[in-house]
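Student: return a 3D structure for these sequence lines:
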Amino acid sequence: MDGTSKEETDLYVAFGRALSTWAYVEWLHCELFRLIAGAHAGNSPLEKAYWAIVSFDGKHRMVNAALTEALSKHSTYLTRWKGLNNRLHAQSKVRNRLAHAQMVGYPNEKGERAVAMVTAVYSTPNGEENRMSLARVTEIERSFDKLGTDLLAFQETFVVEQLMNAGKPMPRFKYPVEGMPPQDPGSAPT
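Tutor: Sure, this is the predicted structure:
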């Protein structure tokens, strides 16, 4: 594989776009965590904590735990989050497969030379489940892009609702203690 054929170049470009789009999804994931967990803009401690976790699986578990708790009294947002969370989990597995793929040449069904991304060195490129063609890598990039769009829309609608309700206690801040009235945000029981 010398990377000189148009097919190889197109596949490498699609591969790079897909991984770059996933990086955007991860950034949105971090922003969602930071915003819903109540951090301020900029380099917050929550953002630093997010990026300190190396694996996406670890980040994903942390964000899911935080958002599930933060949204526990917002049933509409919690339901939407669960759907997004399931998609994030599934797409992270696709991203891992893509990130660990290498380009191989093989004879296609017509006996002509073709290229594909294959996950494992010892995998055969024959069979769609083992190879990622240009069309498949492009499809993966589009699915990552759709996920990013949906994460951003979720984040924006939640932030807009919070701004519209500014000054009103949000249900997520009410952690009732038995025998005590609900607290205002930021107040401590006396």
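
Student: how near is residue 108 to residue 115?
Tutor: 10 Å (C-beta to C-beta, to the nearest Å). Placement of C-beta: from N, CA and C, glycine included.

Student: try residue 26
Tutor: 28 Å.

Student: over to residue 93?
Tutor: To residue 115, residue 93 is 23 Å away according to C-beta to C-beta.

Student: which of the two has more residues huddled nearby?
Tutor: Shown here are residue 93 and residue 115; by other C-beta atoms under 10 Å, residue 115 has more neighbours (23 against 11).

Student: on the three-state scheme, that one is what?
Tutor: Here residue 115 is recorded as strand under DSSP: H, G, I helix; E, B strand; the rest coil.

Student: and it, what's its pLDDT?
Tutor: For residue 115, the pLDDT comes out at 85.

Student: so what's it bridging to?
Tutor: residue 105 (DSSP bridges).

Student: now the helices for the protein?
Tutor: 6-36, 45-52, 56-70, 75-99, 134-164 (DSSP state H).

Student: now these in CSV, with mean pLDDT and distance to residue 119?
Tutor: As requested, the helices of the chain are exported to CSV (pLDDT from 0 to 100; distance: least, C-beta to C-beta, whole Å):
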stretch, mean pLDDT, distance to residue 119
helix 6-36, 91, 13
helix 45-52, 88, 26
helix 56-70, 92, 17
helix 75-99, 93, 5
helix 134-164, 89, 12
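
Student: report how many residues lie close to residue 49.
Tutor: By other C-beta under 10 Å, neighbour count at residue 49 equals 16.

Student: so what's it up against?
Tutor: residue 62 (C-beta atoms under 8 Å, 6 or more residues apart in numbering).

Student: how close does it sit to residue 32?
Tutor: Distance from residue 49 to residue 32, by C-beta to C-beta: 14 Å.

Student: can you check residue 149 too?
Tutor: Counting by C-beta to C-beta - residue 149 and residue 32 are separated by 13 Å.

Student: same question, residue 98
Tutor: For residue 98 relative to residue 32 (C-beta to C-beta), the value is 22 Å.

Student: residue 51 too?
Tutor: 14 Å.

Student: which of those two has more neighbours?
Tutor: Taking neighbours as other C-beta under 10 Å, residue 51 and residue 32 compare with residue 32 leading, 22 against 13.

Student: ok, the more buried one to residue 55 distance?
Tutor: From residue 32 to residue 55 the distance is 18 Å (C-beta to C-beta).

Student: likewise residue 97?
Tutor: 15 Å.

Student: between those two, which is the more surrounded one?
Tutor: residue 97 (15 against 10).

Student: please verify my assumption that the more buried one contacts residue 119.
Tutor: Yes: Residue 97 lies in contact with residue 119 (C-beta atoms under 8 Å); the separation is 5.2 Å.

Student: state the distance from residue 92 to residue 116.
Tutor: On the measure of C-beta to C-beta, residue 92 and residue 116 end up 22 Å apart.

Student: tell me the gap between stretch 22-30 and the middle of its chain.
Tutor: 5 Å (C-alpha atoms, centre = their mean, to the nearest Å).
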